[in-house]
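S.K.: Could you look at this predicted model? Sequence included:
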Amino acid sequence: MSNKLAVKWGLIIAILLGSVYLIYPNYKWYSKPLADREQLDTLGERPKRMLNLGLDLRGGSSLLLELEVAKLNTSEPLNEAMQRAVEIIRNRIDQYGLAETQITRQGDKWIMVQLPGVSNPQRAEELIGKTAMLEFRIVKEDISVAQAAIEALENSDKPFDDEGNVAPEIAKLVPAGYQLMRTKDGSYNLVTDTATVTGADLETARVVMMGENGYPEVSFSFKAEGSKKFGQLTGANIGKRLAIVLDNTIQSAPTVQSRITQQGRISGTFSPDEARQLAIVLKAGALPAPVKIIEKKTIGPTLGEDSIKSGLFASGIALLLILLFMAVYYKAAGVIADIALLLNFVFTVAIMSYFSATLTLPGIAGMILSLAMAIDANVLIIERMREEKLLGKPVYEIINLGYDKAWSAIFDSNITTMIVGACLLQFGTGPVKGFAVTLIIGLGVSLFTAVFVTRAIYELILTSNTKEISL
Amino acid sequence: MMKLLPKTNIDFLKYRKVYFSLFALLLVVGVICFFTKGFNMGIDFTGGTMVQIKFEQPVEMSQVRSALTATGTNSELQSFGDNSFAISEKSTSEEVGVVQQRIENALNTLNVPYTVLQTNSVGPAVGANMTERALWSILLSMVFIIIYVAFRFNNILWGLSGVVALFHDLFLMAVAFSITQREIDLVVVAAFLTVAGFSINDTIVIFDRMRENVRLHPKISFGELINLSINETLSRTVITTLTVIFALLVLYFFGGEVINSFAFAMLIGCISGVYSTIALTTPLVYTWSHGEYHDGSNNAERPATRQNAEEVVREHQNGFSSRRPASRRQRRNHR
C-alpha cells in the first residue's frame, strides 16, 4: 500500500469511527423505555449532541405566535422587543417544566414554540397568552369628578372589551389623570392613569398555598429600585386604596396601612394552578406587547408512531431494492457503490447528531434525494468505466479515467441541487427547512462517499494486483 | 457485462417539432386546467382548520356529516377507514382555535368517544406568507441555476434552456395536481423543489457530455454532437431514472399518507425531468443557436458537413480509437 493510499484509508476509518462515536448516544437513548427518557428529560440529563425527532414523528404541538406590534411601546425597537418576547416566553415555558421545547424567532414578528410530546397545548397557551402586565395604581374614591363617564358606563351593555380596555366613547368623558378600570368581580374603579411601579420592578414571585381568605395567593418582592419606588408610592398614599392591576383588570384593592418597601401579595380567588401560572409569568416578566396565536398544530403520539413506522418501513424496502439492483446489474462495482451508499447514510446521521438536528418526514425525503444523487454519481462513474473497458484498457486506467471523466458531471449536478437546497433553507419554514438541511448535508456527504471512498476501495483492490473488475 | 440497453444511435433532434408542439399543448391544457379546476391548496396555504379524529366505536360517515351540518359548519369531511376522519375548513378568517372548538362541539353531539389524532389551525396571514416564500424559493433557484450553468458552460443559452425544461417539469406537476385535485401541502412543495434539483441534474449530465464532445470531435456538426451526447449518456439516464422510480414506487405504495403525496409528485417530476432534458433542453439549445455551436470565448462556426458527422458516428459505433485522448493530461492540452 502506498503512503498516499494509507493516508486515505486512515482518514476514512477515522471518520467512520468518529461517526459511530457520534451515533452511539442516539442508540443508547432511544433504546431506553419512554418513561425513563421522559424522566431524564425533566432532569435535564438528555445528551446534548443527539438526533431529535420532529413533531410529525413523535407527536406534539407547535404554536406560531404573532407579537401585536401596534401595541408595542414606541420607544423600544421591534428587534429588541422580539428578543425580549422570545426570552420571556422561554422563561415561562421552561419554568413550567416542559422538556425539550424549542422557541425560535421567525421573520419580523413571529415566534415559533414547539412542544414535543404535548398533545394538548392548552396550558402552554394560557401561560404564553398572559401578557402579565402588573401595575400598581391608586384608587380615587371620590368619583364625582368623572360623573358623566360613570353614567355612560352604567348605561353601556359592554363598557369594557375582552382585553379590559374601556370603550372609547366612555374613555373620552373621563377627566385627565384618571382612568376607569374593571375589577375582577365585574365592577369598576376610578384609578390614576399612570403606574409608577410595574411588574418590571419585581425581583421574584411565589405561591402561598394558604392565603388569608383560604385561597392560594401570590407573594412577590421588589428589586432595589422598585422597592424605593413602591415605598414612595405607598408612603404618600397611606389610608388610600391601592389597586393591584393585572392585564387591565383590578385583582384587589387593599387599603394602604403603612409605607411598604419589601414585598406584597396578590390575593383573589385563584385556584392552585392559576396561582402557580401567575407566579411564573410575574417572575418571567411582562411581554412587551400581547401575543396572538396565528397557527396551532397538534399531532397525537399514535399518529406520529404510525407515520414513523410506515415511513421507515417503506424507506428501508426502497433502500434494499436499490442496493440489490446495483449489486446485480453492476456486480463488484455495484457492491462497492452499495458500500458507499450505506456509509453515506451513516455519515449523514452522524453529522445531524453532531448538530442536534431535528429529523422530520420531509427531512427523511431529503435524505432519500441525496441517496439518489449518490447512486447517480456511482452510475455515472461505472458507466464511464464500462466505456473504457470496452476499449480494452488496463484495469487501473479504466478506474482512473472513469473517475476523471465523470467528476465534472457529478460536481456540477451536486452544486445545482445544492443551489436549490440553499434557496429552500433561506426562504423555507419549518418542514421545508428540515428537508433542505438533510439534503445539503446528504449531498456534501455523497460527494465524499460516492467519489472519494469508492475510489479508495478500488485502489485498495488494485494493490493486490487485480487484473479485472467485474462491472 | 449486464446491459439493459444496446448501444443506441437515435436521432433525438429529428422530432423536435413534435416536442415543441407537445409542450405548447401542455401549456394550453395546463392553463385551461388552472382556470377551470384550480388547485386544492392545503390549509398551510389557504389558512383554516383541520381536525383529524378517531372514534372508539364504528361511526358512519353520514352521521358525522349530519352532526357537522347541524351545527352549521362549512366543513369538508374525509374518511381514512378504521373510524378515523379528517374534518377541515379552509380560508376562514376567524381566530385560531375558534373553528376547532366548533368542530369538536359538533362531534361531541354524536356521543361517541373519540381521540384527537391531529389538529392544524393556520391563520390567513401565515398561509399567504407560506405561498410567498415557496414561490420565492422556486424563482430564486431558477435564477441561480441559470447563472451557474451559464458560468460553467460558457453559454447563457444553455442555462436558459435548462430552466425552460425545469419550468416544463414543474408545470406538468402542477397540471397533474390540478387534474387529480390532490391537496398541495408543504411536503408537496418540498417535492416540487426536489424535482427542480433532480431535473436540472439530467440536463447537467448531458451538457457535460456535450462540453466534452466539443473538444473530442471538433469537426462534427452541432446536431450530431447533441445526438451523440444523448446517446452516449442514455444508459446512465435509464439506470439512474429506473432506480429512483423504483424507490419512489415503494414510497408511493407503502410510505403512508404524508409520503404518498410526496412520492406522487416526485414520480411525475422525475419522468418529466428525463423527457424534458431530451425533448426540450437540447432541441432548444439547437434551435436557439441556429444549429451551430457557440462558445462564449470564441464565436468560430463549426463546419456542419453531413459526411463529417456520419464518419464520427460510425467511428463511435465501432468503438473509439485514436481520437479519444488516453489520459487526463492529454485532455487538459485539448482545452
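M.R.: Received, thanks.
S.K.: So B:F198 versus chain A, what's the distance?
M.R.: 7 Å (CB to the nearest CB, to the nearest Å). (Glycine included, C-beta is placed from N, CA and C.)
S.K.: ok so that residue is a helix residue?
M.R.: Yes: assessed with DSSP: H, G, I helix; E, B strand; the rest coil, B:F198 lies in a helix.
S.K.: Now it. Nearest residue, chain neighbours left out?
M.R.: Excluding its sequence neighbours, the residue lying closest to B:F198 (CB to CB, 6 or more residues apart in numbering or on different chains) is B:G273, at 5.8 Å.
S.K.: you'd agree the one you found is up against B:T194?
M.R.: No: B:G273 is beyond contact range of B:T194, at 10.4 Å (criterion: CB atoms under 8 Å).
S.K.: Please give the element, helix or strand, for A:Q257.
M.R.: Following DSSP states H and E, one finds A:Q257 outside all helices and strands.
S.K.: For it, give me phi and psi.
M.R.: phi -90, psi -40 (degrees, to the nearest 10).
S.K.: and if you look at B:H290?
M.R.: Main-chain torsions, B:H290, degrees, to the nearest 10: phi 50, psi 40.
S.K.: how about the residue nearest to B:F198, secondary structure?
M.R.: With three-state DSSP as the criterion, B:G273 reads helix.
S.K.: what sits against A:K228?
M.R.: Counting by CB atoms under 8 Å, 6 or more residues apart in numbering or on different chains, A:K228 touches A:T261.
S.K.: same question, A:T204
M.R.: Shown in contact with A:T204 (CB under 8 Å, 6+ apart): A:220-221, A:283.
S.K.: Partner strands of the helix or strand hosting it, with direction?
M.R.: A:T204 is part of strand A:202-208 when elements are defined by DSSP H and E. Sheet pairing for strand A:202-208, assigned by DSSP bridges, gives strand A:217-222 (antiparallel).
S.K.: and the next element down the chain from the strand it pairs with?
M.R.: Going down the chain from strand A:217-222, the next helix or strand is helix A:224-235, by DSSP H and E.
S.K.: what mean pLDDT does that next one have?
M.R.: On average, the pLDDT along helix A:224-235 is 88.
S.K.: what's downstream of it, the next helix or strand?
M.R.: Past helix A:224-235, heading to the C-terminal end, the next element that is a helix or strand (DSSP H and E) is strand A:242-246.
S.K.: for that following strand, the distance to its chain's centre please.
M.R.: Computed by CA atoms, centre = their mean, to the nearest Å, the chain-centroid distance of strand A:242-246 equals 35 Å.
S.K.: try stretch B:78-95
M.R.: 29 Å.
S.K.: Need the phi and psi values for A:N248.
M.R.: Here the main-chain torsion angles of A:N248 (degrees, to the nearest 10) amount to phi 70, psi 10.
S.K.: So what's the residue count around it?
M.R.: A:N248 has 17 neighbouring residues, counting by other CB atoms under 10 Å in any protein chain shown.
S.K.: again, but for the one 4 residues further on
M.R.: The number of residues packed around A:S252, counting by other CB under 10 Å, is 18.
S.K.: pretty sure it is touching A:I244, no?
M.R.: Yes: between A:S252 and A:I244 there is a contact under CB under 8 Å: 5.4 Å.
S.K.: what do those two both touch?
M.R.: By CB under 8 Å, 6+ apart, A:S252 and A:I244 have these common neighbours: A:I266.
S.K.: residues in contact with residue 186?
M.R.: Using chain A. Applying CB under 8 Å, 6+ apart, no residues qualify as near A:G186.
S.K.: that's the wrong chain, I meant chain B
M.R.: A:362, A:430-432, B:42, B:44, B:130 are the contacts of B:L186 under CB under 8 Å, 6+ apart.
S.K.: Then B:I259?
M.R.: Neighbouring residues of B:I259 by CB under 8 Å, 6+ apart: A:310-311, A:314, A:361, A:365, B:187, B:251.
S.K.: That one and A:A176, how far apart?
M.R.: Relative to A:A176, B:I259 is positioned 64 Å away (CB to CB, to the nearest Å).
S.K.: which ones among the contacts of B:L186 are found in helices?
M.R.: Among the contacts of B:L186, DSSP state H puts A:362, A:430-432, B:44, B:130 in helices.
S.K.: Who wins on neighbours among those residues?
M.R.: Of the ones in helices among the contacts of B:L186, with other CB under 10 Å as the count, A:P362 tops at 31 neighbours.
S.K.: looking at it, it is touching A:G428, isn't it?
M.R.: No: when contacts are counted by CB under 8 Å, A:P362 is not listed as touching A:G428 (9.4 Å).
S.K.: Grab the nearest non-local neighbour of A:P272.
M.R.: For A:P272, the closest residue by CB to CB, 6+ apart turns out to be A:P216, at 5.1 Å.
S.K.: Run a quick check on the one you found versus A:M209, I expect a contact.
M.R.: Yes: taking contacts as CB under 8 Å, A:P216 lies within contact range of A:M209: 5.2 Å.
S.K.: helices and strands around whatever helix or strand A:I441 lives in, which ones?
M.R.: Taking DSSP H and E as the definition, A:I441 sits inside helix A:430-447. For helix A:430-447, the packing partners by 3 or more CB pairs under 8 Å, 6 or more residues apart in numbering or on different chains; DSSP states H and E come out as helix A:301-354, strand A:358-359, helix A:361-390, helix A:395-427, helix B:186-216.
S.K.: please redo it, this time with the cut-off set to 6 Å
M.R.: Counting contacts by 3 or more CB pairs under 6 Å, 6 or more residues apart in numbering or on different chains; DSSP states H and E, helix A:430-447 packs against helix A:301-354, helix A:361-390, helix A:395-427, helix B:186-216.
S.K.: List the contacts of B:L170.
M.R.: B:F192 (CB atoms under 6 Å, 6 or more residues apart in numbering or on different chains).
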